[in-house]
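# need a 3D model of the sequence below.
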Amino acid sequence: MEPIWLAQYDAGVPAHLTYPAGPVQRFLETAAAQSPDNIATLFFGARMTYREVNDEASRLAHALQVHGLQPQDRVAIVLPNCPQFIIAYYAVLKAGGIVVPTNPTYTPREFQYQFADSGARMAIALDLFVPAIQEIQAETAITTLIVAYIQDYLPTMLSYLYPIKAKREGTAVRIPRAAGVYDFGALIRQTDPQYRPVAVAESDLAVLQYTGGTTGRSKGAMLTHRNLIANTWQTRCWLPDARTDGSEMFLAVTPFFHVYGMSSVMNFAVAVAGTLLMLPRFNTKEVLRAIARYKATTFGGVPTMYIAINNFPDVKKYDLSSIRACISGAAPLPHEVSQTFEQLTGGRLREGYGLTEASPVTHCNPIYGPSRPGSIGVPFPDVDVQLLDLADGHALPAGEVGELAVRGPQVMAGYWNRPDETAAVLRDGWLLTGDMARMDADGYFYIVDRKKDLIIAGGFNIYPREVEEVLYEHPQVLEAVVAGVPDAYRGETVKAYIVLKEGGQATAEEIIAFCRQRLAGYKAPRQVEFRTSLPKSLIGKHLRRVLVEEERARLAAAAAPPNQGAA
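Residues are numbered from 1 along each chain as shown. Just a heads-up that it's a prediction; the model follows:
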């Protein structure tokens with residue numbers, strides 16, 4: 001019997017898909033063969049066609065092989081969103097390597113951990129980050145460093161990306177000539193495109209995508225060519241009217257080093273030979289200008305980005321009517337945010353759901369069909385779902401809350417060099433997500449919250465997302481995060497961290513009373529802290545754990561005996 005959620009699919013979205021033959025780089029090669037003159041990248045006004053991107057990727061693949069890259073060697077890519085990221089990504093795959101996307105803003109310590117854990121032998125990096133890499137290079141296996149001097153021909157990029165650093169240092173970074181250090185552009189110019197083809201099976205690894213590390217040290221999710229092909233194609237088919245004539249313009253501000261930006265933006269755009277309109281970081285005014293000037297049609301982002309757009313003072317001065325469809329991921333999307341964004345643009349903003357270990361998307365609300373407030377939508381084609389009882393692991397019926405487990409062609413092969421942790425989350429092909437969810441009678445799923453974020457106050461279970469949804473209904477609230485903090489009487493209590501809209505005013509008492517009108521008394525915040533900003537990851541996801549750690553440190557400091565001074 002077919003799952004009940006299939007009845008919710010948009011017209012043209014099939015229940016089961018026939019996936020393109022791999023490997024992943026075939027997306028680029030197909031686009032270059034069938035649509036060579038389509039604009040592939042648009043970056044600060046500079047354009048590259050699919051023919052040009054594919055040619056440069058082939059040249060770099062050849063250069064990587066000349067400098068010793070062997071099949072399944074890991075290569076770290078330390079670049080912001082720019083054409084060089086796309087060229088490097090597909091070049092590594094063409095040469096038979098495994099991509100290790102790396103957050104460029106990492107500290108040397110963080111670089112060292114990820115490089116050493118992955119065993120990367122090469123790194124391709126923006127010159128700005130090379131000194132930090134060289135600081136710890138001796139503690140890793142990296143022997144080859146390829147440096148992209150983007151500011152040589154796009155000087156505005158440096159000041160846009162890092163205005164404070166650029167102003168302080170005044171000039172572009174120059175990396176001294178040394179053994180094993182090569183110029184990205186020079187390698188491409190000096191190498192022909194005849195790289196050595198490598199036989200790649202769909203089960204071979206394509207990417208080691210490190211998790212966010214929100215529950216401990218980050219782990220390398222092993223994503224195969226089949227995983228990435230499947231999820232790219234599932235996303236492509238979820239938008240059944242996606243055009244392949246070059247007219248789709250993908251606003252690419254979500255970082256490519258994040259699995260969502262890599263798979264649901266970059267690979268998706270290449271799969272339909274669309275244009276990637278790239279910005280290396282999110283700046284609300286620049287995003288609005290880019291949409292209005294270049295007529296972006298789709299924008300895969302995160303809730304904080306849409307919140308910033310909705311609340312930009314001059315937002316109505318910008319023509320955003322080209323936006324057709326946006327999928328929000330990485331964090332819950334408040335209903336008020338999606339409503340306002342749709343009114344501004346006339347397009348559709350739908351909440352989806354995924355995780356690194358699933359390449360990443362498993363669920364989404366139908367783009368053109370009914371979207372249910374608070375829901376992550378329905379499973380993608382070929383995705384099976386169960387809700388499991390935490391006590392004994394048996395499957396639960398609709399309406400019950402259990403741990404979300406998913407199975408599908410996009411589920412990872414496991415964690416790199418971590419068999420025990422792999423066994424803990426992969427069971428008979430099912431991926432245990434760690435998220436608590438329920439399904440309604442029509443097959444729509446609702447994330448109640450992460451299992452680890454559950455607040456237990458006085459014996460009652462409280463899910464932060466439910467409280468946050470109410471807080472976002474308050475007319476003065478711009479951003480809100482709810483967390484459980486220690487409480488001597490209740491064990492934990494609910495605390496709300498709030499950023500008010502510009503010029504907005506509210507008291508803690510008003511916020512608490514507002515929640516009590518809409519929630520059971522035990523769910524309403526007992527504490528409210530107003531802030532000018534909330535901690536976020538680079539992708540814009542709120543970091544609840546940072547707030548909890550700050551609260552525990554504050555309580556520990558308050559409980560410490562007073563300093564008696566020096567003897």
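# residue contacts, P80?
The contact partners of P80, by CB atoms under 8 Å, 6 or more residues apart in numbering, come to P104, L126, L161, P255, P280, R281. C-beta: built from backbone N, CA, C; applies to glycine.
# C-alpha coordinates for stretch 299-308, CSV please?
This file holds the C-alpha atoms of stretch 299-308, laid out as CSV (Å, rounded to 0.1, in the frame of the first residue of the first chain):
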residue,chain,number,x,y,z
PHE,A,299,16.4,31.3,-3.1
GLY,A,300,17.3,28.4,-0.8
GLY,A,301,17.9,30.0,2.5
VAL,A,302,17.4,29.7,6.3
PRO,A,303,14.8,31.4,8.5
THR,A,304,17.0,34.2,9.7
MET,A,305,17.7,35.3,6.2
TYR,A,306,13.9,35.6,5.4
ILE,A,307,13.4,37.3,8.7
ALA,A,308,16.1,39.9,7.9
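# could you list the low-pLDDT ranges of the stretch 151-300 of the chain?
Low-confidence segments of the stretch 151-300 of the chain (pLDDT under 70): 151-174, 176, 212-216.
# redo that, cut-off 90
151-179, 211-218, 281 (pLDDT under 90).
# and the helices in the stretch 201-350 of the chain?
225-238, 259-260, 268-271, 284-294, 303-310, 335-345 (DSSP state H, counting those that start in this stretch).
# ranges for the strands of the stretch 351-500 of the chain?
Using DSSP state E, counting those that start in this stretch, the strands of the stretch 351-500 of the chain run over 361-364, 378-379, 384-388, 402-407, 426-427, 430-439, 445-450, 455-457, 460-462, 477-487, 491-500.
# hang on, the earlier thing: tell me the most buried of the helices of the stretch 201-350 of the chain?
Mean neighbour count (mean count of other CB atoms under 10 Å) peaks for helix 259-260 among these, with a mean of 28.
# so which of the helices of the stretch 201-350 of the chain gets nearest T211?
Among the helices of the stretch 201-350 of the chain, the nearest to T211 by CB to CB is helix 259-260 (9.0 Å).
# can you name every helix or strand that that closest one contacts?
Contacting helix 259-260 under the criterion 3 or more CB pairs under 8 Å, 6 or more residues apart in numbering; DSSP states H and E is no other helix or strand.
# change it to 10 Å
strand 205-210, strand 348-354 (3 or more CB pairs under 10 Å, 6 or more residues apart in numbering; DSSP states H and E).
# make TSV from these and add distance to R372 to it.
Listed next are these as TSV, based on distance: least, CB to CB, whole Å:
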stretch	distance to R372
strand 205-210	30
strand 348-354	9
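# dump these to CSV, plus mean neighbour count and distance to E551.
What follows is the helices and strands packed on helix 259-260, written out as CSV (neighbours: other CB atoms under 10 Å; distance: least, CB to CB, whole Å):
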stretch, mean neighbour count, distance to E551
strand 205-210, 25, 27
strand 348-354, 25, 28
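# adding distance to K452, write the helices of the stretch 201-350 of the chain out as CSV.
Putting the helices of the stretch 201-350 of the chain into CSV (distance: least, CB to CB, whole Å) gives the following:
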stretch, distance to K452
helix 225-238, 25
helix 259-260, 20
helix 268-271, 30
helix 284-294, 32
helix 303-310, 20
helix 335-345, 25
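# among the ones you listed, which is nearest T507?
Going by CB to CB, the one of these nearest T507 is helix 335-345, 20.9 Å.
# tell me the angle that closest one makes with strand 477-487.
160 degrees (axes from the mean of the first three to the mean of the last three CA atoms, to 10 degrees).
# still on that earlier bit, give me the subset of the contacts of P80 lying in strands.
Among these, the ones falling in strands (DSSP state E) are L126.
# for PyMOL, write a command that selects the buried ones of the contacts of P80.
To isolate the buried subset of those in PyMOL, counting by 16 or more other CB atoms under 10 Å, use the following:
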select buried, resi 104+126+161+255+280
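# out of the contacts of P80, the closest to A520 would be?
P255 (38.8 Å).
# for G399, which of the helices of the stretch 201-350 of the chain is the nearest?
helix 335-345 (20.6 Å).
# show me what the closest one is packed up against.
helix 303-310, strand 325-328, strand 348-354.
# so what's the gap between the second one and the chain middle?
Right, strand 325-328. With CA atoms, centre = their mean, to the nearest Å as the basis, strand 325-328 stands 13 Å off its chain's centre.
# helices and strands around it, which ones?
Against strand 325-328 (3+ CB pairs under 10 Å, 6+ apart) you get helix 225-238, strand 298-299, helix 303-310, helix 335-345, strand 348-354, strand 361-364.
# orientation of the third one relative to helix 284-294 in degrees?
Calculated by the same axes, to 10 degrees, helix 303-310 forms an angle of 80 degrees with helix 284-294.
# tell me the gap between helix 303-310 and the middle of its chain.
15 Å.
# what of the last one?
Its chain's C-alpha centre lies 13 Å from the corresponding centre of strand 361-364 when counted by CA atoms, centre = their mean.
# that one packs against which elements?
Using 3+ CB pairs under 10 Å, 6+ apart: strand 361-364 touches helix 225-238, strand 325-328, strand 348-354, strand 378-379, strand 384-388, strand 402-407, strand 430-439, strand 445-450.
# contacts only, for Y106.
Applying CB atoms under 10 Å, 6 or more residues apart in numbering, we find Y106 in contact with V78, Q112, Y113, Q114, F115, F129, A132, I133, F257, L538.
# and for the fifth one, nearest residue in space, chain neighbours not counted?
Leaving out its chain neighbours, the residue that sits closest to F115 by CB to CB, 6 or more residues apart in numbering is T140, at 4.0 Å.
# partners of L426 in the sheet?
L431 (DSSP bridges).
# what about it, neighbour count?
Using other CB atoms under 10 Å, the number of residues around L426 comes to 18.
# between the helices and strands packed on strand 325-328, which one is nearest to L388?
strand 361-364 (15.1 Å).
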